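In: pasting a predicted model and its sequence here:
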Amino acid sequence: MIVVQLSLFHKVTIRRVKMQVGAFPGFRELNRRTIRGPVNPLDKSTVISIYPKKIRVVNLTLTPGVFELEPGSVEKPSLLVLGPSSWWKELDLNEPLLEIPVSSIMVADSIVKDFCNGIFGAEGGESQPGLFFIPGAQTIKSIRENPDNLLLLERAVRQQTNYYNTLIKFADALWAESSGNPLCVIDEMRLAARSLGIEDRDWMKDHVRQGMVRCSACGSMKSPDFPVCPSCRAVDMSHPTAKDLKFALS
């Protein structure tokens, strides 16, 4: 009988310990939850994109902090109407987190700058993708009917054209310096050339199956389209155009 009572007492004791070490949050954890306050329904801004690629910007410090825009064009811009976001400031370990509201204008401005500043070839100001924002909830109709909004749209078109021209200049230089290596030309450069109607560049051709080969004389990489190695000037006599060359090997 005593053994049974001790066993029951032992089980009860273990059960109490388990409850104390359980996964249920305490008052401190409940007090530090990130619960947003009331959101101003009139605080709206619209991000407009005429860039023909999907845009995704993630800000881990904001809630909400993930923003996506579908590919857009001048004829049909892509719109993202967003409201304010929030971040939380820690005052003390035992005190609730302080919510810091961020207006929709600041969030929209951050989306534009974060995306444009991190892209190759963009030079902030007059050479960047066609991405901008307008305060308030906008539609394509309201953008085209407002003269001020049309000026912003025209400025975005000018900025994106300059950005495309910058990418094409980079592509020409990289193509020449790499002796026609297709890996030096990124998709955005070909997108820029197609958008401006430039199809006569060598790097606009289909280079999916083309790869660099090693020169049999010096071992450096060269394009298989040309018989002469740019490094050692050796001629690959197995190339079909090698017999048409008017100079001989020294």
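Out: That came through fine.
In: from here on, just use CA atoms for contacts and neighbour counts.
Out: OK.
In: distance between the longest helix anywhere in the chain and the chain's centre?
Out: Counting residues, the longest helix found in the chain (DSSP state H) is helix 147-177. In terms of Cα atoms, centre = their mean, to the nearest Å, the centre of helix 147-177 is found 17 Å from the chain centre.
In: same question, stretch 66-86
Out: Centroid displacement of stretch 66-86 relative to its chain, using Cα atoms, centre = their mean, is 14 Å.
In: re the thing from before, buried stuff in the longest helix of the chain?
Out: By neighbour count on 16 or more other Cα atoms under 10 Å, the buried set for helix 147-177 is 149, 152-153, 155-168, 170-172, 174-175.
In: residue contacts, residue 196?
Out: 161, 164 (Cα atoms under 8 Å, 6 or more residues apart in numbering).
In: from residue 166, how far out is it?
Out: Between residue 196 and residue 166 the distance is 12 Å, computed by Cα to Cα, to the nearest Å.
In: repeat that for residue 75.
Out: Taking Cα to Cα, one finds residue 75 at 23 Å from residue 166.
In: then residue 39?
Out: With distances taken as Cα to Cα, residue 39 is found 42 Å from residue 166.
In: what does residue 58 give?
Out: In terms of Cα to Cα, residue 58 sits 26 Å off from residue 166.
In: how is the protein partitioned into domains?
Out: The record's domain parsing of the chain by automatic domain parsing lists 30-163, 212-250.
In: right, so those domains: which one is the most enclosed?
Out: domain 30-163 (a mean of 17; mean count of other Cα atoms under 10 Å).
In: now do that one, average pLDDT.
Out: Mean per-residue pLDDT for domain 30-163: 90.
In: roughly how far is it from the heart of the chain?
Out: Mean-position distance between domain 30-163 and its chain equals 13 Å (Cα atoms, centre = their mean).
In: list the residues that contact residue 35.
Out: No contacts exist for residue 35 under Cα under 8 Å, 6+ apart.
In: state the pLDDT value of the closest residue to residue 231 other than its chain neighbours.
Out: Leaving aside its chain neighbours, residue 231 sits nearest to residue 220 (7.1 Å; criterion: Cα to Cα, 6 or more residues apart in numbering). At residue 220, the model reports a pLDDT of 79.
In: need the helices for the protein, in chain order.
Out: Taking DSSP H, the helices of the chain run over residues 2-20, 27-31, 104-117, 140-145, 147-177, 187-195.
In: what bridges to the closest residue to residue 136 other than its chain neighbours?
Out: Distances taken as Cα to Cα, 6+ apart place residue 45 nearest to residue 136, at 4.4 Å, with adjacent residues excluded. In this entry, residue 45 is beta-bridged to residue 82, residue 135, by DSSP bridges.
In: tell me how far residue 45 lies from residue 237.
Out: 64 Å.
In: kindly report the same for residue 110.
Out: Going from residue 110 to residue 237 by Cα to Cα gives 57 Å.
In: nearest residue to residue 190 other than its sequence neighbours?
Out: Here the nearest residue to residue 190 in space, its sequence neighbours aside, is residue 204; by Cα to Cα, 6+ apart that works out to 6.2 Å.
In: surely the one you found and residue 191 touch.
Out: No - if you go by Cα atoms under 8 Å, residue 204 and residue 191 don't touch, sitting 9.5 Å apart.
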